[in-house]
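# Just need the structure, nothing else, for what follows:
(4 chains)
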There are 2 protein chains.
Amino acid sequence: MIGKVNELEPHAGCGPLLQAFTDGSIPLRQQVFEYVRAYGRAARADISNALGISAGSATTATAELIARGYLREIDAITKETGRGRPKVALEVVPQAAYVIGIKLAFKRHRAVLVDFAGNVVADVSRPSSDVRRSLAQLLDEISDLIHCVLAKSDRDPKDIRAVGIGLPGIIDYQTGSVAWSPLLNSENADLSVGFALGHKMPLFLDNDANMVTLAELWFGEARGLSDFAVVTVESGVGMGLVLRNQLYRGAHGMGLELGHTKVQLDGALCQCGQRGCLEAYVADYALVREAATALGQGADTEGRPEDILATLFEQAKLGHQAAETIFRRAGRYLALGLSNVVQLFDPALIILSGERMQYDYLYAEEVVAAMEELTLSAGRKPCRVAINAWDDLVWARGAAAMALSNVTASIIDEVRVT
Amino acid sequence: MIGKVNELEPHAGCGPLLQAFTDGSIPLRQQVFEYVRAYGRAARADISNALGISAGSATTATAELIARGYLREIDAITKETGRGRPKVALEVVPQAAYVIGIKLAFKRHRAVLVDFAGNVVADVSRPSSDVRRSLAQLLDEISDLIHCVLAKSDRDPKDIRAVGIGLPGIIDYQTGSVAWSPLLNSENADLSVGFALGHKMPLFLDNDANMVTLAELWFGEARGLSDFAVVTVESGVGMGLVLRNQLYRGAHGMGLELGHTKVQLDGALCQCGQRGCLEAYVADYALVREAATALGQGADTEGRPEDILATLFEQAKLGHQAAETIFRRAGRYLALGLSNVVQLFDPALIILSGERMQYDYLYAEEVVAAMEELTLSAGRKPCRVAINAWDDLVWARGAAAMALSNVTASIIDEVRVT
DNA sequence: GTTATTTAATTTAGGTGTCAAAATAAAAAT
DNA sequence: ATTTTTATTTTGACACCTAAATTAAATAAC
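Numbers count the residues shown, from 1 in each chain, chains lettered A, B, ... in the order given. Predicted structure coming up:
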């Protein structure tokens, strides 16, 4: 039941393979464009076939997109040995537009500049402080990232059609304000307003978990799935959800909180002040606070959380009973949380992601097994689980995907205005 | 934060007030029709205004629908004292089509016959046995219900355009097979296939929790909401979810299971064989098994579960300590389950429904308060909770709504064929 | 009590987008 | 060289919708 996410082949395209159901009807031009981008390259015949439109419509739509410079034909040798007139493949013109995707976090930020076809043109990484900061400070850091990635890719701010930013916390996607974030020392910070003062490009702001989720939908294993969940285990436990081919943000557009679902009545104390949150059993601070007891007074339990955790993990691998127990219990609670997700959403796939998964790898199989055991399966198809320890470049790419998906329609629509 | 669901006014219409986003585009005719049905009556000007279409389109669309006998003008005196030519209201012709909705359960079944406008024309109720039965037996009971409700409404099987059936269990909505149901003594029963042998009308089968949810979406307080949850507490704990104006059924189309989310690692034993399920703390059998201890040897703890529960509740109200504790704990666990739903879905509203809510009313406020306390609210809008102890007529109406919503498009489309 | 004003509904001409079918194009098979 | 096959383009028709003009039915004003 464990799957490993593969690296994508070149020219594999990006973006969801399934069309989201939207209000009214998406213009055919846009559908065609997104199809080509999703599959990397496609012939008119493929398009007409896949989208269920007539060959004539495919011609008209592509002709327009080619005329405006968003698609182009490839004169590559077609390997296909079929009879008849050979297909001529189309592809997205990468230079037609650019977006920037940014992931903000403790320790380091990351930014990527991505072209219209979804390729990463440049990426930069900057150290970030470990403490809360003011909005103004964070805005400066963002500007710095944008400046750097533009310089590295030799692009102008004018080339950039949109910016996507993901950061931890509770973010109002619609207004672009940050209700709460561990990075900021103030609540209800109007990040998008502040951003607009310094930059002309439209901004799309969201929870970082949604960014990884989008990354999976655009570049990962979940591209062809209509319903799946991404669970991130980092300093907190986050979740992103794609339902009916679309990111689900809840009725109030402020994201979901797997980390603060309760797994125990009157349980362990959580950062949030409540008791029994999943996070209070699984996040690193939860493990760290038990480390002292487990490793004894002799061990260094005063250093940085990462280091303590690394030591603890090392000890557990070496057979240290108490250390192992800590991880094992965390795993069981994670399994419980996951089984609740399955029970409530019935997703086709759960992807476990986040830095922590990288070295929790060892007991991951155990978690999955425990999860399956905890899930009522009478007559049900089981839920597949994949573990994906991608680095934070992918988070930034997810942010870029968010910008791209939001901006594609308007770029294509400009066709008509021109 | 507690709201009470009001009875609807006459001519208030039925059906969701928000258009679901569907594949491609819904024919304008259908949109117009559904708008009129949703609002009970509407003038052409209202329609063109609400749907954002031109007045001319409203005329054409309604003219067609009137010509085919699906809509009609009302010559009622318009109360509006405005200037100008008065609007002429349109309404659905109720006789244009009929559907049947059925709720199957232990103790008794219920069926309604509903007209095209959503009015209940007739309803019947039949006693049902308390034990599991064969598929053949259940099919007979269904046929009997259909026969009765047809007779009572003086209708022919030919008038019926579709049947909706809701029953407890795990049901594959797409294939219409019952993977597991407490009503049946066999697994993977092909109910829809069996039904098709005896009846010509198309059948839509679903979990009963989805039926209440649909009832809330069509007739209840949730009509204008895009995202909400319905939690039913009966012999089990069920849930229905509307996301983006549409019933969510999960990736495998087999419903959701709030009752079997885990609220405690290695917790109380559940009917399903696992430990720590919400149901094992909240459902009636969970309370009954504690009743013996609480009420002592003297009390009658051998009768029917309903009676035991009634006694227990009575005692609790009279101040019996142990009895009260049982309800209180159940309430706290229910609150925990609800808070998890809020944390994971962020719905606009949770509706508590089901027979059990009727007399759990007393401690309902407490549950809601506890739920809010358990929900992380930093920067978030809180989730409204409503309690709605509708009787099972509504469940059957929900089943009828499912049939209606599924069949409306095809009825309207027949227009073109004719 | 006639005329102006206001709002509703219908008619009409025109635009957009899509399709089906015919025509054209480019290859392999005969 | 000719036929067959498949891909793409061209063409004419049509379905659907809109904007604007027109007609209809009421109230308000003089």
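
# Now the strand or helix carrying residue A:322: buried residues?
Element membership for residue A:322, per DSSP states H and E: helix A:321-345. Burial within helix A:321-345, assessed by neighbour count using 16 or more other Cβ atoms under 10 Å in any protein chain shown, is assigned to A:323-324, A:326-327, A:329-345. Yep, even glycine has a C-beta here, placed from its N, CA and C like the rest.

# Which residue does the stretch 151-300 of chain A have closest to DNA strand D?
residue A:224 (22.5 Å; Cβ to the nearest atom of the strand).

# which bits of the stretch 101-250 of chain A sit near chain B?
Contacts of the stretch 101-250 of chain A with chain B, taken as Cβ under 8 Å from any Cβ of the partner chain, map to A:170, A:179-180, A:187-188, A:225-228, A:239, A:243-244, A:246, A:248-250.

# neighbours around the closest residue to residue A:44 other than its chain neighbours, how many?
Excluding the flanking residues, the one nearest residue A:44 by Cβ to Cβ, 6 or more residues apart in numbering or on different chains is residue A:58, at 4.4 Å. Here the number of neighbours of residue A:58 (other Cβ atoms under 10 Å in any protein chain shown) works out to 24.

# looking at it, residue A:58 is touching residue A:50, isn't it?
No - the pair residue A:58 and residue A:50 does not pass the contact test of Cβ atoms under 8 Å, sitting 9.8 Å apart.

# For residue A:50, which non-adjacent residue is closest in space?
Closest to residue A:50 by Cβ to Cβ, 6+ apart is residue A:35, at 6.2 Å.

# Can you name the element that comes right after whichever helix or strand the one you found is part of?
Here residue A:35 is covered by helix A:28-39, with elements defined by DSSP H and E. Toward the C-terminus, helix A:28-39 is succeeded by strand A:41-43 as the next helix or strand (DSSP H and E).

# Note down every partner strand of that next one and its orientation.
Strand pairing for strand A:41-43, determined by DSSP bridges: strand A:89-92 (antiparallel).

# Tell me the gap between the strand it pairs with and the middle of its chain.
In terms of Cα atoms, centre = their mean, to the nearest Å, the centre of strand A:89-92 is set 26 Å apart from its chain centre.

# That one - what's its average pLDDT?
Strand A:89-92 carries an average pLDDT of 92.

# list the helices and strands the very next helix or strand once past it packs on?
Proceeding N to C from strand A:89-92, the next assigned helix or strand is strand A:98-103, under DSSP H and E. Applying 3 or more Cβ pairs under 8 Å, 6 or more residues apart in numbering or on different chains; DSSP states H and E, one finds that strand A:98-103 contacts strand A:108-115, helix A:135-153, strand A:160-167, helix A:208-219, helix A:392-417.

# most neighbours per residue, which of the ones you listed?
Most buried of these, by mean neighbour count (mean count of other Cβ atoms under 10 Å in any protein chain shown): helix A:208-219, with a mean of 29.

# List the strands paired with the following helix or strand past that helix, with their directions.
Using DSSP H and E, the helix or strand that directly follows helix A:208-219 along the chain is strand A:228-233. For strand A:228-233, the paired strands and their directions (DSSP bridges) are strand A:237-243 (antiparallel), strand A:349-353 (parallel).
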